[in-house]
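Student: build the 3D model from these lines:
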Amino acid sequence: MKRVLFVCIHNSGRSQMAEAFGNAVPRADFSAVSAGTAPAERLNPTVVKAMEEVGIDMTSHSPKLLTPAMLESANLVISMGCGVEESCPIALVGARDWALKDPACQPIEKVREIRDEIKRRVQDLVRSFSGDRDPGRGEPASGAG
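Tutor: Predicted coordinates:
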């Protein structure tokens, strides 16, 4: 089982969308989880609406606090572009950064663009675990996949 941990500060937008897209892929050998270093009280409502538009119900999701156990159980940790160096300890464990724009305070049109980019990257990532590509980077693998 390949387990990917998506991390951002508040775990209320980007990382939640990535988790939802990752777990929407019908593969028994892949799972996604998300967390934040300073979780918000609730998900960004515009993110929830944007995900509903593509058939993913996130009304039961809630922000989660990043734990050492989550880091230890992950095969790959991906930060979502939230200034990880300044505020997130996962920089110390070799996380890859996707450098995505924050959907907070953005109109639905911008959130849709962010959502679609996250979906594309997550789909590429899931395919990469088949051994075709280097996980998280979208480049050919240089060894084991």
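Student: how about the helices in the chain?
Tutor: With DSSP state H as the criterion, the chain has helices at 14-24, 45-52, 68-73, 84-87, 108-127.
Student: give me the buried positions along the longest one.
Tutor: Taking 16 or more other C-beta atoms under 10 Å as the basis for neighbour counts, the residues of helix 108-127 that come out buried are Val111, Arg112, Ile114, Arg115, Ile118, Lys119, Arg121, Val122, Leu125, Val126. For every residue, glycine as well, the C-beta is placed using N, CA and C.
Student: dump the helices of the chain into JSON lines; add mean pLDDT as well.
Tutor: Listed next are the helices of the chain as JSON lines, based on pLDDT from 0 to 100:
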{"stretch": "helix 14-24", "mean pLDDT": "96"}
{"stretch": "helix 45-52", "mean pLDDT": "98"}
{"stretch": "helix 68-73", "mean pLDDT": "92"}
{"stretch": "helix 84-87", "mean pLDDT": "54"}
{"stretch": "helix 108-127", "mean pLDDT": "96"}
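Student: out of those, which gets nearest to Met1?
Tutor: Met1 lies closest, by C-beta to C-beta, to one member of the helices of the chain: helix 68-73, at 9.7 Å.
Student: roughly how far is the closest one from the heart of the chain?
Tutor: Chain-centre distance of helix 68-73: 15 Å, with C-alpha atoms, centre = their mean, to the nearest Å.
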